[in-house]
Structures are given as C-alpha cells and as structure tokens.
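Engineer: Everything below, folded, please.
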Amino acid sequence: MNSFQYYQPTRIHFGWRETEKIGKIVKKYGKRCLLVTGPSPALQPVNQKVINFIQNEGVEVIHFNGVVPNPTTDSINHGATMAKEFKADVILGMGGGSSMDTAKAIAIEAVNEGGAWDYRVFSGKYLSSQTLPNLAITTTSGTGSQVTAVSVITNPNEKFKSAIVDPLLFPRECIVDPQLMMTVPEHITASTGFDAFSHAFESFIHKKANPYTDMLAIEAMRIIKEYLPRAVKNGSDQIARSQMAWADILAGLCIANAGTTLPHGIGMAVGGNVPQVMHGEALSVIYPEFMKYTYHSSIPKFAMIGRIFKIDLKMVSDEIAAEKSAEALTTFLKEIGMWLSFEDLRVGQSELDKITEDSLKLPDYMVNPRVATQEEIFSILEKCYKKG
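Structural biologist: Below is the predicted model of the structure:
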C-alpha cells in the first residue's frame, strides 16, 4: 500500500432541517455576514428564512444575489466590492456549486491583493495567510463544493475556465439539508447528480487515489446508481434525496483528497468556451467516449464500474466487464435523461479546436490512467458531436 494523506477540515452538518442552525454557526465566525446566492425568485423564501435565522442571533446580513452559472470574474468582483463596503467578516455561500464557488472567491478577493483570478492554478501567485472564513449551504446534490478547497471560476474576456485550489478555501462548516433539494428541477437533479458520479469515478481512477478515497468513491457510485434515477423521476422522494445528498458529500471528499481526471479538464474547457452548457451536461456528453478511450489502462477499476451499473457483468472476466463499462453507463445516462451530444447542446463544431487546446491548460489530463495527446482529445470530442 502506497503512502497517502487524507485531510478534511470542514465540519459537516447533515440532516433534515439542519438549515435552522445556520444563525448559531455564522455567529461563531463574525458579526457581519455576506450571503451569496443566485437571483432565482423561487429561492427567495429560503433565502429570507436563512437571513432571519442569522439576524435572530444578532448578526448583520447583506445579500449578494448576483451569482451566475459558471461564475465569472465580473460577478465575483461585484460581490467582493459589496463585502468590502459592508466590512463583512464571514461569507456564506448558499445554492449549487456556482454560489459556493463564488463565495470562496469573494472570501479571497475581499482581503487579498488583486482579484481572485490572479490566484488560479499555474498563475504563479499564491494566497497570503488569510481569507475571510467561508461557510456553505448546498441546495443541490452534485458539485461537492461544500467540502472542497476549490473554487472554479471563468474569465469571460479570456473565454477560459480555471480553478483556485488552496486549503484556505475549505468551508469552515457546511450544511447539507436534503429538504432544500426537494424542489430542484428534474434536469438539474440529473446534471448535478451525474457530476457527483464523475467526481467519485475520476477520484477512483486517479493516479493519486488511495484506499480511503476508493472506499468513499465506490460507496458514492453505488448510491448514485440506485438513487439518482429515483430522484429524477420523483423529486419529492425523501429517501432518494437524502441518499443523493450523502453521495454528493462522499464524492466531494474524494476530489478534495484525490482529484479529477481527463473528463473534468475537458468539461472545464467546454464551460469556458460555451458558458451556457452546464458542467454535468458537458461531462455526460464526454463520458462514454472517454471510457472507451481509457478502460484499457485501468481494467480492474473499469470492470468494477461496469459491474456496478450492470449486474450481469459479474459473470464475465475483468477484461470484458471493463470493455462493457461504457455501454453500461450509456444505458444509465439514457435512464436519467442525460444521453446528450454537443450538437444537442448547441456547441458549434468550430468550437472543438479551442476546447481541445484549453483541455491541456489544466493538469487533469495528466493524472488520467491514459494520458491523452491533443490529437486524441480532439478525436474524443469529434466522436461526441453527434450521438449514433
């Protein structure tokens, strides 16, 4: 067994109605809180409840509701300006991954020199010894951002999506309350749920995988296989929502300690160039071809995935189960309504060259079991353009 480290400093509050504790949690970290959310009117009642819980503890709150999908440097700058003017001493991100990642970036920009974008991976610039403390309430089951040290952001001027990775970005505490996920629409449930699967699977095959993350990843993937279709078909299924919320945590813990591989690098490049495409959508397009490309290089693990998704593969050799894993996953994607192509998502063929180029700007492809060349990535993308 190889040496490894496992680190998770976030205190996790999991369970129904745990959101009611947020006032007491925020109070531990400051007296002036910036609440960071998206602008959705449907979430306004929940936002107001959270504001009330915080104010009832004597903490002042100001609400920044300018989060956008694939968070941009512009939206982060607006939030950071508000935090500075308000003299916020704690940041609370509430929503999906975009809200939590925006909150982390605001926590950086409010107290560090320059903008959050300056601290992205490979920039050569590193954070000082502080950020504002950030807290998280997740309202979807998929991004895992509530337990990671990563903030994914997009610079629209450069049409490039990158990430800030630093232990200072781990939320101090997070709330995972399945009750908040009951009204998530079907397609968002499917898209974020598949993102959670991708986190677990890519951590499982990652070159830095270890026995701890393997254990969490296998459990997360088994849960997602069983409960994501239920959550998609019936959003009010409390058991399915609870199980998916738990799977999201497990998968988030995996990427916090191992990481993601080739599909996420490509998915980030898609998001940077075509920001209307949801991250889970991009992953669902890529995955079948990625699996066909990679399985030869990690046969035992791909065989295990195949058997999770198709029980009949337990009766065949690892080589056959691994080869059939892409087919088994395709059946699952069809079941949850995520059998998509780039054409379906209105990604122009002319975008594929730039997406390919940007896929090599992040390190994800280098830790895949099979390291892809630029030509091989382009070939994968071409095969994903239309579904047969």
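Engineer: Going by C-alpha atoms from here, please, whenever you check contacts or count neighbours.
Structural biologist: Will do.
Engineer: Just the mean pLDDT for stretch 121-130, thanks.
Structural biologist: Per-region confidence: stretch 121-130 scores 84 on mean pLDDT.
Engineer: What of stretch 368-381?
Structural biologist: pLDDT averaged over stretch 368-381 gives 98.
Engineer: Alpha carbons only: can I get it in CSV?
Structural biologist: The C-alpha trace of stretch 368-381 is given here as CSV (Å, rounded to 0.1, in the frame of the first residue of the first chain):
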residue,chain,number,x,y,z
ASN,A,368,-5.7,10.1,-16.1
PRO,A,369,-4.8,6.4,-16.3
ARG,A,370,-4.1,7.0,-20.0
VAL,A,371,-2.6,10.5,-20.8
ALA,A,372,-4.2,11.9,-23.9
THR,A,373,-2.4,13.9,-26.6
GLN,A,374,-4.0,17.0,-28.2
GLU,A,375,-5.0,14.9,-31.2
GLU,A,376,-6.6,12.2,-29.1
ILE,A,377,-8.6,14.8,-27.2
PHE,A,378,-9.9,16.3,-30.4
SER,A,379,-10.8,12.8,-31.6
ILE,A,380,-12.8,12.2,-28.5
LEU,A,381,-14.7,15.5,-29.0
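Engineer: residue contacts, the closest residue to Glu20 other than its chain neighbours?
Structural biologist: In space, and not counting its chain neighbours, Glu20 is closest to Phe53: 6.6 Å by C-alpha to C-alpha, 6 or more residues apart in numbering. Phe53 is in contact with Glu20, Lys21, Ile22, Gly23, counting by C-alpha atoms under 8 Å, 6 or more residues apart in numbering.
Engineer: okay, Phe53: pLDDT?
Structural biologist: 98.
Engineer: cool, and the one 4 residues further on?
Structural biologist: Reported pLDDT at Glu57 in the predicted model: 98.
Engineer: After the strand or helix carrying the residue nearest to Glu20, which helix or strand is next? Please name it.
Structural biologist: Phe53 is part of helix 44-55 when elements are defined by DSSP states H and E. Note on helix 44-55: by DSSP H and E, the next helix or strand toward the C-terminus is strand 60-64.
Engineer: Any chance you could list what contacts that following strand?
Structural biologist: 31-37, 51, 54-55, 79, 82, 86.
Engineer: Got a ChimeraX select line for the buried ones in the residues you listed?
Structural biologist: Buried subset of these, written as a ChimeraX selection, criterion 16 or more other C-alpha atoms under 10 Å:
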select :31,32,33,34,35,36,37,51,54,55,79,82
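Engineer: out of the contacts of strand 60-64, which one sits closest to Leu283?
Structural biologist: Lowest distance from Leu283 to these (C-alpha to C-alpha) belongs to Thr37, with 24.3 Å.
Engineer: nearest spatial neighbour of that closest one, skipping sequence neighbours?
Structural biologist: Asn65 (4.7 Å).
Engineer: and the helix holding Phe53 with strand 60-64, angle?
Structural biologist: 150 degrees (axes from the mean of the first three to the mean of the last three C-alpha atoms, to 10 degrees).
Engineer: Quick check: Leu135 touching Ser99?
Structural biologist: No - here Leu135 does not reach Ser99: they are 11.1 Å apart, not a contact under C-alpha atoms under 8 Å.
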